[in-house]
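Undergrad: Mind folding the following:
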Amino acid sequence: MKTHLLPEQGRFYKANMHCHSTCSDGKWTVERLKEEYMKRGYSVVAFSDHDRCISHNELSGADFLALTAYEADVSDWAVKDSRFRRCYHFNCFAKSPEADGREVTPVPEYRDMAAVNDFVARLNEAGFLVCYNHPNWSQQTLDDYGGLKGLFGCEVYNHSAMLDGIDADQEQPYDALLRRGNRLFCLATDDNHDHFPPEHPLNDSFGGFIMIKAPALSYGAIMTALERGEFYASMGPEIYSLYVEDMRLHVECSGVRSIHMTTAGRRAAVARAETGKTLTSAAFEIDPTDGYVRLQLTDREGLRANTNACFVDTLPQR
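TA: Numbering: from 1, shown residues only. This is a model prediction of the structure:
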């Protein structure tokens, strides 16, 4: 029996889940953002302006969906020098498009982990999926994020941070949270502010995205797919099929040079293409003790795609 980790039915919708407009510190209006993203094949944008939850339902139509969202800031304001001020930034995705336009308050003190987790819990209760953003840009370590609870997801790539010159590879924090017992998904995002025109090499749009597999481009269908983890994160490589059969994890994809499997422990595996060739599929044995398994696909330009963690205890055993 096959267990499809990406649904067999439906279609993929390309989404930017972290986006700033002129409603906060972005340079493009929401109308221009819709236009530019649609030109490049996107169907979904979560407008996540800073500390302001604004619905842009008027932008949604047959070919485009505006998700109601905002980015909540929990900063260590005791540190006066902003270069060294750590912060939690959480993207909050509204399950309903009719958000009331007010962020959940009060915002907690940075150094009170119990209060931070209570904040996340209150966001969940208010109908938001909560994603932990750019831990490297936030200058955070395991001491900061290791105790987080109640998260829907964690960014594993942030395009704006990469173009700032900050290490945008955030797969290690994702694994650390998974290995501490959290069950959450991974997202690649832009976090775009668009201080440069689209053709400029430092423009921070169109670099990190997720591909959501859903039966329709409707608010309900997309949010249900997000809650179920029926998507993958990417900087470029495409995943066409992902399933488990007889405790083997199978993937079919666009041409890549390598496919790595990561687990909760040290056991791992890799498939690599011969010189001058690419891989378009691979299969990996799953051990019942692996805890979770996830894949990282890397193409010949170094662009990656990441699958969400699949937890072994949810799979039918042989």
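
Undergrad: if I've got this straight, Thr68 is in a helix?
TA: No: according to DSSP: H, G, I helix; E, B strand; the rest coil, Thr68 belongs to no helix; its state is strand.

Undergrad: Assess the claim that it and Asn91 are in contact.
TA: No: look at Thr68 against Asn91 with CB atoms under 8 Å: they stay out of range, at 11.6 Å. C-betas here are computed from N, CA, C, even on glycine.

Undergrad: ok, now which ones touch the nearest residue to Thr262 once chain neighbours are set aside?
TA: In space, Thr262 comes closest to Arg294 once its chain neighbours are excluded; the distance is 5.3 Å by CB to CB, 6 or more residues apart in numbering. Residues near Arg294 by CB atoms under 8 Å, 6 or more residues apart in numbering: Cys186, Met261, Thr262, Asn306, Thr307, Asn308, Ala309, Cys310.

Undergrad: sorry, back to before: give me the common contacts of Thr68 and Asn91.
TA: By CB under 8 Å, 6+ apart, the residues touching both Thr68 and Asn91 are Ala46.

Undergrad: what is the residue nearest the centre of the chain paired to in the beta sheet?
TA: The centroid of the chain falls nearest to Leu187 when counting by CA atoms, centre = their mean (1.3 Å). Note on Leu187: beta-bridge partners by DSSP bridges are Glu155.

Undergrad: okay, it: pLDDT?
TA: Each residue has a pLDDT score; the one for Leu187 is 98.

Undergrad: by contact count, what packs against the helix or strand Asp143 falls within?
TA: For Asp143, the element it lies in under DSSP states H and E is helix 142-145. If you count contacts as 3 or more CB pairs under 8 Å, 6 or more residues apart in numbering; DSSP states H and E, helix 142-145 packs onto helix 171-179.

Undergrad: Just the buried positions in the helix it packs on, please.
TA: Buried positions in helix 171-179, judged by neighbour count with 16 or more other CB atoms under 10 Å: Glu171, Pro173, Tyr174, Asp175, Ala176, Leu177, Leu178.

Undergrad: Now flag whichever of these is closest to Lys277.
TA: Glu171 (25.4 Å; CB to CB).

Undergrad: Give the closest residue to the closest one in space, chain neighbours not counted.
TA: The nearest residue in space to Glu171 (CB to CB, 6+ apart) is Val156, at 4.9 Å.

Undergrad: Check the spacing between Asp164 and Tyr145 real quick.
TA: Shown here: Asp164 relative to Tyr145, a distance of 20 Å by CB to CB, to the nearest Å.

Undergrad: More neighbours: which of those two?
TA: Tyr145 (20 against 14; other CB atoms under 10 Å).

Undergrad: Surely the more buried one touches Asn133?
TA: No: using CB under 8 Å, Tyr145 makes no contact with Asn133, being 10.7 Å away.

Undergrad: Which other helices and strands does the longest helix anywhere in the chain contact?
TA: Of all the segments assigned as helix in the chain under DSSP state H, the longest by residue count is helix 113-125. Secondary-structure packing of helix 113-125 (3+ CB pairs under 8 Å, 6+ apart): strand 65-75, strand 87-94, strand 128-132.

Undergrad: how about low-confidence regions in the stretch 101-250 of the chain?
TA: Applying pLDDT under 70 to the stretch 101-250 of the chain picks out residues 101-103, 168.
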